[in-house]
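Asker: next one to model:
(one chain, ligands or ions: 1)
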Amino acid sequence: MKNLCYESTSNCLLKCPYCISSDNGVMKKDHYLEVIDFIDRLLPERLVISGGEPLIDPLLKEKISLIIKKYHEANKEPYISLSTSASQAITEDMWSFLKDTIQCLDISLPSLDHNTYTKMRGVDLLDQVLINIRKATNYGLNVRLSIITTKQNYKELENLLKFASYTNVNSVRVGRYFPFRNAYNVKDNYELPETTVTTIIDDINNGKYKNIYNGKIIPPIRSLSMMEGYLNVDFNGMLYVPNKDGKEIIGNVNDIDINTLELSFKDSQPKIFIKYKEK
Ligand code: SF4
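Answerer: Numbers count the residues shown, from 1 in each chain. Here you go, the predicted structure:
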């Protein structure tokens, strides 16, 4: 398996109106040992750890350490990308741990404007995010900025790329808003017309922003069908893939047959798999 996303907690400091993770429910029990046992059987080439907010998960260090141990026991090196809003203070101890263990810190930054940030995140924690981005690059982490483009912020793309340049982040991923799962309910406030998304994609692919930011810019995907091979596992051990109706549950880590799973993803995963790109 090339790619797996582990939604490791439901806890989060933000209140994004379009939060797609909220339909996982609230974590009552953390089934991380079962999930890590599943990861051990699968050993994906790239593991994304997301949430909720993984950096407020009290078990984050234990989980990452255990995952790395499993890879090393199989004589493999993991590629762990931690997906975070970076909206909370991060201790020196945690920075040092992240520097030693993960391969990519993927920080979402939808805006540099406090009003827009609040419209998208529900809470204004922008200043802390900006502090953390600078700290992450100063620590020498491989930092990717994730910018989800919506009606609220798409005009800011150039400014965000300028910010990416002077903070020296390693890469930028420009995402798009899909009206699926909980995001469907507020799509009128956020979803961009297809023509605008196409322009953003074409501009990036045609090098429009090269003189602003010379790192790798990953454009939005053209359609939701490109996410079909994106395997997710949540903190309950439920496995699912996104589809146009939201998500399709395909099983649980405790009863899934790994060989069948690998086979069923053989063709769809390479479409969405993006291994690390560095400056
Ligand atoms: S940061 Fe992510 S998990 Fe938290 S509210 Fe926003 S979309 Fe949901």
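Asker: for this protein, which residues are neighbours of the ligand?
Answerer: Cys12, Leu14, Lys15, Cys16, Cys19, Ser21, Gly51, Gly52, Glu53, Ser85 (C-beta under 6 Å from any ligand atom). (Glycine included, C-beta is placed from N, CA and C.)
Asker: recalculate using a threshold of 8 Å.
Answerer: By the rule C-beta under 8 Å from any ligand atom, the part of the chain lying against the ligand is 10, 12-16, 18-22, 50-53, 85, 87, 108, 121-122.
Asker: now, those residues that are in strands?
Answerer: Ser50, Ser108 (DSSP state E).
Asker: tell me which residue lies nearest the centroid of the protein.
Answerer: Ser83 (4.2 Å; C-alpha atoms, centre = their mean).
Asker: SS state for that residue?
Answerer: strand (DSSP: H, G, I helix; E, B strand; the rest coil).
Asker: surely it touches Asp106?
Answerer: Yes. Between Ser83 and Asp106 a contact is recorded at 4.5 Å, counting by C-beta atoms under 8 Å.
Asker: touching both of these two, which residues are there?
Answerer: The contact sets of Ser83 and Asp106 overlap at Val48, Ser146 (C-beta atoms under 8 Å, 6 or more residues apart in numbering).
Asker: need the contact partners of the helix or strand Asn259 falls within.
Answerer: Element membership of Asn259 [criterion: DSSP states H and E] is helix 258-264. Applying C-beta under 8 Å, 6+ apart, the contact partners of helix 258-264 are Met1, Arg41, Leu42, Leu231, Leu239, Ile250, Gly251.
Asker: which residues touch the third one?
Answerer: Contact analysis of Leu42 by C-beta under 8 Å, 6+ apart lists Met1, Leu4, Ile258, Leu261, Glu262.
Asker: so which of those residues comes closest to Tyr32?
Answerer: Leu4 (14.1 Å; C-beta to C-beta).
Asker: work out the gap between the one helix or strand that closest one maps to and the centre of the chain.
Answerer: Secondary structure from DSSP H and E places Leu4 in strand 3-7. Remark: strand 3-7 is offset 9 Å from the chain centroid, using C-alpha atoms, centre = their mean, to the nearest Å.
Asker: listing partners with orientation, what would you give for that strand?
Answerer: strand 46-50 (parallel), strand 231-234 (parallel) (DSSP bridges).
Asker: buried ones in the following helix or strand past that strand?
Answerer: Next in sequence after strand 3-7, counting helices and strands by DSSP H and E, comes helix 32-42. Of all the residues in helix 32-42, those buried under the rule 16 or more other C-beta atoms under 10 Å are Tyr32, Val35, Ile36, Asp37, Phe38, Ile39, Leu42.
Asker: next one: stretch 6-21
Answerer: Buried, per 16+ other C-beta under 10 Å, within stretch 6-21: 6-10, 12-14, 16, 18-21.
Asker: can you check stretch 171-185 too?
Answerer: Quick answer for stretch 171-185 (16+ other C-beta under 10 Å): 171-183.
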